[in-house]
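turn this into a structure:
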Amino acid sequence: MTSPASVVLVFLDPAFPDGRLADATKPQLMVTDQGATRGDGVFETMLAVGGHVRKMQAHLDRLGGSAEALDLVIPEQDEWRRAIATAVNEHRAQHPPAGAEDELVVKLVVTRGVEGAAAPTAWVQVAPAGAAGRRQRETGIDVILLDRGYDSDVAERAPWLLLGAKTLSYAVNMAALRHARKQGADDVIFFSSDGRVLEGPTSTVLLARVEKSDDGTTVKRLVTPQLDSGILAGTSQGALFKAAKAAGWQLGYGPLVPRDLLDADAVWLISSVRLLAPVNRIDGKEIGTLSLQKELTAELAGLFAGIQ
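Below is the predicted model of the structure:
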């Protein structure tokens, strides 16, 4: 668990062009803030490696899209960029990186603000990346399949459910992860009530198929669920798809069913902080072969490492 003393907090404040530093060990949020009382807000989480924040533009764009879905007016991207720079630089000054792992989690949060006020509450939070994510990249994870309880058409039919937005209302996702851990698993892959594979609580699902073409060449195909099924557009998935396409992989977008995962040569959960976590078992069934999984994971991890 992250200690408040290791967190740097910077609020976006019109009176402070580069952001206002705040003491993360002291209370900072009003109890009437609608982010706290209603989960009414949006967020993004990024990874900074060696002081460089990866995929910042993609995260800022998705933050803006989530805010638009909530009819929430948020600070401009340049304001976020300045506050992010302040927070990352301050963290590196207060806590000089030691050892080979120089990774920071950079979280952007914006709420509808204090009830009755016109302005949102917005801040950047920077903390050290946890060891658990790095370990899961290396050793892989076991997951279980869980029914999310709605069909794959609900996002179009009921846009007020905000299924494609990254909102602060993460209680269901956290409950799913707790349930998985009680079952002895590490994570979850959701499927819809009509049998479509969706996403993880904090990640995007990827699978790979490796086949021989008619001329004997190896064809590698990377597949992810369709966005129209009401899942969050993954910034990491999008960036990896571009890199994989340039490297000769074929790409695909669902629809996928759980059987596709079980029959795949490799499956991963991918996210901005944990990065590419290979799935070893789904509901207790081993996925693919270990040697091929390691080979494909190493190749994709190499491509992903080059993404800025």
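
show me where the stretch 1-150 of the chain has its strands.
Using DSSP state E, counting those that start in this stretch, the strands of the stretch 1-150 of the chain run over residues 8-13, 16-22, 41-49, 52-53, 103-111, 121-128, 141-147.

now the helices for the stretch 101-250 of the chain?
Along the stretch 101-250 of the chain, counting by DSSP state H, counting those that start in this stretch, helices occupy 131-139, 154-157, 171-182, 235-246.

before we move on, the earlier item: what's the closest of the strands of the stretch 1-150 of the chain to residue 78?
strand 16-22 (9.7 Å; Cβ to Cβ). Heads up, the C-betas are built off the backbone N, CA and C, glycines and all.

for that closest one, packing partners?
Applying 3 or more Cβ pairs under 8 Å, 6 or more residues apart in numbering; DSSP states H and E, we find strand 16-22 packed against strand 8-13, helix 77-94.

dump the shortest one to PDB, restricted to CA.
Yep, that's strand 8-13 we're talking about. Taking C-alpha atoms only, strand 8-13 is exported to PDB below (Å, rounded to 0.1, in the frame of the first residue of the first chain):
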ATOM      1  CA  VAL A   8       3.000  14.100  -4.500                       C
ATOM      2  CA  LEU A   9      -0.300  16.000  -4.900                       C
ATOM      3  CA  VAL A  10      -0.800  18.900  -7.300                       C
ATOM      4  CA  PHE A  11      -4.100  20.700  -7.700                       C
ATOM      5  CA  LEU A  12      -5.100  22.500 -10.900                       C
ATOM      6  CA  ASP A  13      -5.800  26.000  -9.700                       C
END
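
so where is the chain shaky, pLDDT-wise?
Low-confidence segments of the chain (pLDDT under 70): 1, 99-100.

nearest residue to the middle of it?
Nearest to the geometric centre of the chain sits residue 271, at 3.9 Å (Cα atoms, centre = their mean).

isn't that residue up against residue 199?
No - using Cβ atoms under 8 Å, residue 271 and residue 199 do not qualify as a contacting pair, with a distance of 10.0 Å.

re earlier: contacts only, for the residue nearest to the centre of the chain.
For residue 271, the contact set (Cβ atoms under 8 Å, 6 or more residues apart in numbering) comprises 200, 202-204, 234, 236, 277.

what's the closest non-adjacent residue to it?
Excluding its sequence neighbours, the residue lying closest to residue 271 (Cβ to Cβ, 6 or more residues apart in numbering) is residue 203, at 4.2 Å.

count the neighbours of that neighbour for me.
Per other Cβ atoms under 10 Å, the neighbour tally for residue 203 reads 26.

again with the one 4 residues further on
Residue 207 has 25 neighbouring residues, counting by other Cβ under 10 Å.

do residue 150 as well
Residue 150: 18 neighbours (other Cβ under 10 Å).

how near is residue 54 to residue 27?
Per Cβ to Cβ, to the nearest Å, residue 54 is found 31 Å from residue 27.

for residue 9, that is, sorry about that
Distance of residue 9 to residue 27, given as Cβ to Cβ: 11 Å.

quick one: which of the two has more around it?
Neighbour count, other Cβ under 10 Å: between residue 9 and residue 27, residue 9 has more, with 23 against 7.

state the distance from the more buried one to residue 60.
Per Cβ to Cβ, residue 9 is found 19 Å from residue 60.

before we move on, back to that, can you tell which of the strands of the stretch 1-150 of the chain is closest to residue 69?
Of these, nearest to residue 69 by Cβ to Cβ is strand 41-49, at 8.2 Å.

what packs against the closest one?
In terms of contacts (3+ Cβ pairs under 8 Å, 6+ apart), strand 41-49 is packed against helix 56-69, strand 103-111.

most packed of these?
Among those, strand 103-111 has the highest mean neighbour count (mean count of other Cβ atoms under 10 Å), at a mean of 22.

quick one: contacts of stretch 77-88?
Outside stretch 77-88, the residues that touch it by Cβ under 8 Å, 6+ apart are 8-12, 17-19, 21, 48, 51, 53, 56, 60, 63-64, 104, 106, 108, 122-126.

report the buried residues of it.
Going by neighbour count (16 or more other Cβ atoms under 10 Å), the buried part of stretch 77-88 is 79-80, 82-88.

kindly report the same for stretch 154-162.
Neighbour count says stretch 154-162 has 154-155, 162 buried, by 16+ other Cβ under 10 Å.
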